[in-house]
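[1] curious how this folds, go ahead:
(chains A, B and C)
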Amino acid sequence: MYTLQLATAGLAIGSVYALIAIGVVLIYKCSGVVNFAQGAFVMLGAYFTYAITRLGLTPVIAVVFSTVLMAIAGAATERLVLRPMLKAPVVAIMMVTLGVLIFLRAVALAVWGPDQIAFPKLFPDGAIEIFGIFITYNYLTAGSLSICLALAFLAFYRFTAIGLMQRCTADNSRAALAIGIHTSNQISLAWSMSAALAGLGGTLLATLNGLSLGLSDIGLIAFPVIVLGGLTSLPGAVVAGLLLGVLQAFTDGLVTPMLEGFLRAYTTIYSVGALQQVLPYALLILVLLVRPQGIFGWRGSERL
Amino acid sequence: MLEATGVTIRFGGVVAVDALDVIVRAGEIVALIGPNGAGKTSFINCITGAYLPDDGQVYWKGENVVGLTPNALTRRGIGRTFQNVASLHDLTVLDIVKLGYGLRHSMPLRAVVLNALRGRDSVADELNETLLHPLGLADFRHAPIQSLSYGHRKAVDLARALAAQPQLLLLDEPVAGLSSSESRSLAALIRKVRDRLGCAVLLIEHKMDIVNSTCDRVIVMAAGAKIFEGLPADVQVDPEVRRVYLGEP
Amino acid sequence: MSGTRLWISLLVAAAACILTLMLGRFGNYLMHAVVIASISALALNLLTGFCGQISFAQAALLGVGAYTAGNLGNAGWGILSIPLAGMASAAAGALIGLPALRLRGLYFAMATLAAQFIFDYAFKILDPLTHGVSGLVIKPLTLLGYVVQSDRAYAVIAIICLFVTWLTMVFIGETTLGRAFLVVRANEIVAKGMGIDVARTKLWAFAISGFFAGVAGALLAFTTRLASPEAFGLSLSIDYVAMIIVGGLGSLPGSLLGAAFVTLLPELIQRVGEALNIADILSAAREMAFGLLIIVFLIFEPRGLSALLHRLTSRDHANIAPKTPRPTSERRRSELGLKFEKVE
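    You can find the predicted model right below:
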């Protein structure tokens, strides 16, 4: 029963990871940029929602407004920062997105301060009992909402005309240009969709864990997720996100206590600290070494 | 010196090189010719360790060298040039040539330090005299490779390979993209290098006048297999070669 | 390396040493902060700028150096603990580099990011060696039986280490290994075809870079007297990547410029902020300026300060002698054509 409890909590967090990772994959597929600023979008989305509810609007409208704002922020980042750097080396592009992360974090710090803020209640309090396990409405709605959003986005990407143009641009931007797709608009669109998804993820995450600058750190967890999922695979990102969420929950709830018990008995180390936080990265290295194309990627997608 | 027997290379279902036997003796210049896709470059890549043959053996000075890495083969005296010369950022001509030299010869630490203190570089001077001057590169020795023309880049690539003083030199289309007068002087240079170093040369080439004037022996490949081997003069009258090239029955 | 360049660097190092003797406490603090950052930036530039391996694990290597030096120093190894810290970091660097033998570019950058987190975690939990989150308290350095206390002495030791690092970097640039780095960066397949042992070349880059990162970490440990996990987190790694990019990838003087710039900028903003009385948003302003500068820099001068400096000085050149058109290499090439004149 405890295991199931952990699994549901893991799935809820994991679905938010999936939402964030989809954004990173989307940008990478479309423009070849590895966006370290995704974490900043996550954080900013949550802060926007918070700020708008403070103006007195209902949570639903606040979320909609914040998503629109994030879409604008994403496109603006692409146009203002990434567009002028088209021909720069990979390391410079990585670094510039890090610059965006640092900058946006600092802006949030200046505006909202360093302390944790109580996030407005989007969902009712209380918990529901399903099959003998208790899930708070928070976890239930945040988890199911983000998994629905992720799936809806996959469907959008797969079945609509815009999705098709996105896929064309991602597949071969020169050919896409040749058949009349406005690729640079598609790239901006990818950025705004990605930022909007990240912002939504941030809002949902804030309902679970509260609102602080630390939310931006979640952007980095997108990297183990996308490597696990195969870097260019959107469904892969979703599955890997869920998997990692569950794995983290199990590590935190089961493995850590067992390991600490063992270590206390036989060594002088009495704590293994936040093992669940470092686990995704250990997994990242392992996956890269054993199966660089990820679980759902295909060989030759990037590695040469 | 080089003895390749039954070399077979497959890419998936495609047989790029099909049980090819090639022997190159010391001091000999052998041309490997054939239509595009005949497997010439694949064969060279196999000898230099870039590809592993699916079947067959390659002996170099009596040692089986299949499975050795390109750097091990470079140290054993097999040097090569490339068909397409990659641009290498801001490395200068002299840098590349010194690199070629350093991959085969170890420079004693003491000599490098002494050179640094004196502000002179005896190796660079020597390479400049023996390689860059004859190849017409001396004026560009401090120029970055990417600023050079295509012909010059090919010359740099050759200089790099020669700086290692190879005993077997594999040249992949050395005159492609050069003018005919440049080609002729390069051909003369190749003979001169052979005479001075006494090395064997295996070259892939399309231009028959270059092959005729340079090579001692010609091997013609088609669809991965050897269809002719003999003197340059006999190539053009061979019925099989004429069939492959000219479509005669 | 020409003899003149050697003497110039020696003179600069001597001048820096003399300068530290004249500086006050704060000046000395800035001096060794910049010098230590320079050592580490040079190390990272060897790896990223020369050999083309992007690494976000530089702080982890500094940390390994700092903890090694701290433990050895506390155990009474004296000055020897600095090179030994370098060795330990070289080993750690090679370990971090192992995935690079199979991975390239972006994938490898992610592996180093992961390595940074894993080392960070190790610093926190390996209590017997690192004293966990609270950090390892380090005794001052002992040199030939004397306990080094003065800031100036530490600054001079750091300058000497930087000088040695500089010479080593310049020297490596003159060796076959150094040239092999550049070819590996440009194109690994070509490098392999030329007969370069790519795996060995990369591992050397990691080990050498790791060694000097370890030395920088050791110096940091002895000057701050404390090694704690949060001092060697991801943000420090990002600072170093910023330094080499702002300074100029693959440029040795650029590394020094970048290190000075990234180290001194927050201090400058601090001063200005204090003067303007905006202490409450100072840390936000500092971060904002840092982020903005990285962005602006990369957009307008992606080749870094060294390229900017180069352009400025060559423009001065043109101003002095505007009448004589400089013979460009472009032009000489077309006149000469490709000739093999000495053959016949």
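[2] select the longest helix from chain C.
    In chain C, with assignment by DSSP state H, the single longest helix is helix C:198-224.
[3] what's the following helix or strand after that helix?
    Reading on from helix C:198-224 to the C-terminus, the next helix or strand found by DSSP states H and E is strand C:226-227.
[4] partner strands of that following strand, with direction?
    As defined by DSSP bridges, the strand partners of strand C:226-227 come to strand C:136-137 (antiparallel).
[5] other SSEs contacting the helix or strand harbouring B:V220?
    Counting by DSSP H and E, the secondary-structure element that holds B:V220 is strand B:217-222. Using 3 or more Cβ pairs under 8 Å, 6 or more residues apart in numbering or on different chains; DSSP states H and E as the contact criterion, the elements in contact with strand B:217-222 are strand B:29-33, strand B:225-230, helix B:232-235, helix B:239-246. C-beta: built from backbone N, CA, C; applies to glycine.
[6] the longest helix of chain C and chain A, are they touching?
    No - on the criterion Cβ under 8 Å from any Cβ of the partner chain, helix C:198-224 is out of touch with chain A, staying 12.9 Å away.
[7] just stretch C:77-94 next, same as before
    No - Stretch C:77-94 stays clear of chain A (Cβ under 8 Å from any Cβ), getting no nearer than 14.3 Å.
[8] quick one: buried residues of that stretch?
    Buried residues in stretch C:77-94, defined by neighbour count with 16 or more other Cβ atoms under 10 Å in any protein chain shown: C:77-79, C:81-82, C:84-94.
[9] hmm, who's touching it?
    Outside stretch C:77-94, the residues that touch it by Cβ atoms under 8 Å, 6 or more residues apart in numbering or on different chains are C:60-62, C:64-66, C:68-69, C:72-73, C:119, C:141-144, C:161, C:203, C:206-215, C:217-219, C:221-222.
[10] can you select the buried ones from those in ChimeraX?
    Typed into ChimeraX, the next command selects the buried ones out of those (criterion: 16+ other Cβ under 10 Å):
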select /C:60,61,62,64,65,66,68,69,72,73,119,141,161,203,206,207,208,209,210,211,212,213,214,215,217,218,219,221,222
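[11] setting aside sequence neighbours, what's the nearest residue to B:I96?
    Using Cβ to Cβ, 6 or more residues apart in numbering or on different chains and skipping the chain neighbours, the partner closest in space to B:I96 is B:R160 (5.0 Å).
[12] does the one you found touch C:M194 like I think?
    Yes - with contact defined as Cβ atoms under 8 Å, B:R160 counts as touching C:M194 (7.0 Å).
[13] mutual contacts of those two, please.
    B:99-100.
[14] low-confidence ranges in the stretch 201-304 of chain A?
    A:268-270, A:294-304 (pLDDT under 70).
[15] hey, where'd the helices end up in the stretch 201-304 of chain A?
    Ranges of helices in the stretch 201-304 of chain A, per DSSP state H, counting those that start in this stretch, are A:218-229, A:234-250, A:256-266, A:275-290.
[16] can you count the residues close to B:S181?
    Using other Cβ atoms under 10 Å in any protein chain shown as the criterion, B:S181 is surrounded by 12 other residues.
[17] ok, it to chain C distance?
    9 Å (Cβ to the nearest Cβ, to the nearest Å).
[18] state the pLDDT value of that residue.
    Looking at B:S181, its pLDDT is 81.
[19] hang on, it in a helix?
    Yes - going by DSSP: H, G, I helix; E, B strand; the rest coil, the assignment for B:S181 places it inside a helix.
[20] need the contact list for it.
    Contact partners of B:S181, counting by Cβ under 8 Å, 6+ apart, are absent.
[21] chain C contacts on the stretch 101-250 of chain A?
    Contact residues of the stretch 101-250 of chain A with respect to chain C, defined by Cβ under 8 Å from any Cβ, are listed as A:101-107, A:109-110, A:220, A:223-224, A:227.
[22] any quick PyMOL command for the buried ones out of those residues?
    What follows is the PyMOL syntax selecting those of those that are buried according to 16+ other Cβ under 10 Å:
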select buried, chain A and resi 101+102+103+104+105+106+107+109+110+220+223+224+227
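[23] now tabulate the residues of the stretch 101-250 of chain A next to chain C in a markdown table and tack on distance to A:G163.
    Shown next, in a markdown table, are these (distance: Cβ to Cβ, whole Å):
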| residue | distance to A:G163 |
| --- | --- |
| A:L101 | 28 |
| A:I102 | 33 |
| A:F103 | 31 |
| A:L104 | 28 |
| A:R105 | 32 |
| A:A106 | 35 |
| A:V107 | 32 |
| A:L109 | 37 |
| A:A110 | 38 |
| A:L220 | 28 |
| A:F223 | 24 |
| A:P224 | 26 |
| A:V227 | 24 |
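[24] pick the one among the residues of the stretch 101-250 of chain A next to chain C closest to A:Y17.
    A:Y17 lies nearest to A:P224 out of these, by Cβ to Cβ, at 9.1 Å.
[25] redo the residues of the stretch 101-250 of chain A next to chain C as JSON lines? Include distance to chain B.
    Shown next, in JSON lines, are those (distance: Cβ to the nearest Cβ, whole Å):
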{"residue": "A:L101", "distance to chain B": "29"}
{"residue": "A:I102", "distance to chain B": "29"}
{"residue": "A:F103", "distance to chain B": "30"}
{"residue": "A:L104", "distance to chain B": "33"}
{"residue": "A:R105", "distance to chain B": "34"}
{"residue": "A:A106", "distance to chain B": "35"}
{"residue": "A:V107", "distance to chain B": "37"}
{"residue": "A:L109", "distance to chain B": "39"}
{"residue": "A:A110", "distance to chain B": "41"}
{"residue": "A:L220", "distance to chain B": "31"}
{"residue": "A:F223", "distance to chain B": "28"}
{"residue": "A:P224", "distance to chain B": "32"}
{"residue": "A:V227", "distance to chain B": "28"}
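[26] low-confidence stretches in chain B?
    Under the criterion pLDDT under 70, the flagged ranges of chain B are B:85-89, B:107-120, B:247-249.
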